[in-house]
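Enquirer: have a look at this fold, sequence not included:
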């Protein structure tokens, strides 16, 4: 079966969420004259997100955009940090830090090369407006923008992977998920997609252990998007 | 309320479906050694489409992608024209003529200018893969690709217009529909969107009467996308 399309996980795979959110929080702190451990705040913000998504996936919460989940977590973290009386417009701007994430250095060039031969789309739990705003700011050359929001099923629910193939009108085996996260790739593989693991050793900051990937577990293993483009050429 | 995003009708507004499908049918006829009135065949193909959509909108048919509706109509038209024994791969290729529509001469340049100041998306009854393939081939620089397919409601159902605003995370009044068809614009206006009429006098071929538009009926009236970009600058 011919590979026709590539669906990309976004947070961590295409963009450096940690470096970008630390930058945004640092600017927020400077503007308000407050100092905190913004790297830790960022890690806590991100760490709250799988749990919040699971509350949606299990039906405890109704469907919510990631923007709303990010905001729920942010409000708790700000309260815990003793930061109060922030105007709503500033809170909203800060919450949308996740719309303003910078790509990894190879992302735009690699996507541009991959786009020559394949349909390239996002397949992210980020909401569609978040992904669209991010692409517009960062120059990510997607052919289309697909989000878990369209299926009201967050990854790793199979509906997200199969829904993506259906929208692209390809068989699951003609579609590869590209991701830096083995758990996402394993769920995609279980749904019948092909898989491409791309290492992003700095996703969680310097000096962190990369995820473990078994030999032969995924169809492609690449050092970055340019390496992947070379393998798929 | 600030205008933030533009949603474009596609068939006729962004691309010249008639000229493009006549070209595709002519090539099909030449390859098979059959001659027919391909302009009329094209008009009949297009004319069958609102009725087919209405069968979905009223619940007589389940949800179907436009590709499937186009194919239902094509099969009838080919039989009526006495054209038989066409291999399935050729039929499928011909049916996807609607993925290979050429933009009007101002479309790419106009969209590129509008994209500098606004989020620009499709809002078409065409399925997502059709719109994505079309954009890739024609170089249409969408920020994202939104289709009635995402809402399982064809325009002019209000769910399509309001669903588009929800996905973009804007108020309906922050979103304008851009279209060459007054009926589409009136439905968008009734749903609370702003409206921009763009004249496409050649949509149905030369010498045809343009649609009637009342003075002041729509927020913007433009000769083409470059004119619209000038008005919205």
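Expert: That came through, no problem. Just so it is clear, the model here is predicted, and its values are computed rather than measured.

Enquirer: just checking, which helix or strand of chain A averages the lowest pLDDT?
Expert: helix A:38-57 (a mean of 94; mean pLDDT, DSSP states H and E).

Enquirer: which parts of that one are buried?
Expert: Residues A:38, A:41, A:42, A:43, A:44, A:45, A:46, A:48, A:49, A:52, A:53, A:56 are the ones in helix A:38-57 that count as buried (16 or more other Cβ atoms under 10 Å in any protein chain shown). (Glycine included, C-beta is placed from N, CA and C.)

Enquirer: which ones are touching the third one?
Expert: Think residue A:42. Shown in contact with residue A:42 (Cβ atoms under 8 Å, 6 or more residues apart in numbering or on different chains): A:18, A:21, A:22, A:25.

Enquirer: repeat that with 6 Å
Expert: Contact analysis of residue A:42 by Cβ atoms under 6 Å, 6 or more residues apart in numbering or on different chains lists A:18, A:21, A:22.

Enquirer: ok, now how distant is the first one from chain B?
Expert: Think residue A:18. 24 Å (Cβ to the nearest Cβ, to the nearest Å).

Enquirer: helix or strand: which one has that residue?
Expert: Element membership for residue A:18 (DSSP states H and E) is helix A:17-32.

Enquirer: give me the pLDDT for the nearest residue to residue A:41 once chain neighbours are set aside.
Expert: Leaving aside its sequence neighbours, residue A:41 sits nearest to residue A:25 (Cβ to Cβ, 6 or more residues apart in numbering or on different chains; 5.8 Å). Residue A:25 carries a pLDDT value of 98.

Enquirer: same thing with residue A:37?
Expert: pLDDT, read off for residue A:37, is 98.

Enquirer: residue A:22 now?
Expert: 98.

Enquirer: hmm, it is touching residue A:41, no?
Expert: No: in this structure, residue A:22 is not within contact of residue A:41 by Cβ atoms under 6 Å, at 8.3 Å.

Enquirer: still on that earlier bit, run a quick neighbour tally on the residue nearest to residue A:41.
Expert: Burial of residue A:25 is recorded as 21 neighbouring residues (other Cβ atoms under 10 Å in any protein chain shown).

Enquirer: tell me how far it lies from residue A:223.
Expert: 29 Å (Cβ to Cβ, to the nearest Å).

Enquirer: same question for residue A:179.
Expert: 14 Å.

Enquirer: so for these two, which sits in the more crowded spot?
Expert: Neighbour totals were compared for residue A:179 and residue A:223, and residue A:179 leads with 29 against 14 (other Cβ under 10 Å).

Enquirer: run through the residues that contact the more buried one.
Expert: Residue A:179 neighbours (Cβ under 6 Å, 6+ apart): A:9, A:13, A:185.

Enquirer: and for residue A:189?
Expert: Shown in contact with residue A:189 (Cβ under 6 Å, 6+ apart): residue A:195.

Enquirer: tell me the pLDDT at residue A:210?
Expert: At residue A:210, pLDDT is 85.

Enquirer: which residue is the nearest non-sequential neighbour of it?
Expert: residue A:201 (5.0 Å).

Enquirer: cool, and residue A:190?
Expert: residue A:158 (7.0 Å).

Enquirer: that neighbour: how many residues sit nearby?
Expert: Residue A:158 has 17 neighbouring residues, counting by other Cβ under 10 Å.
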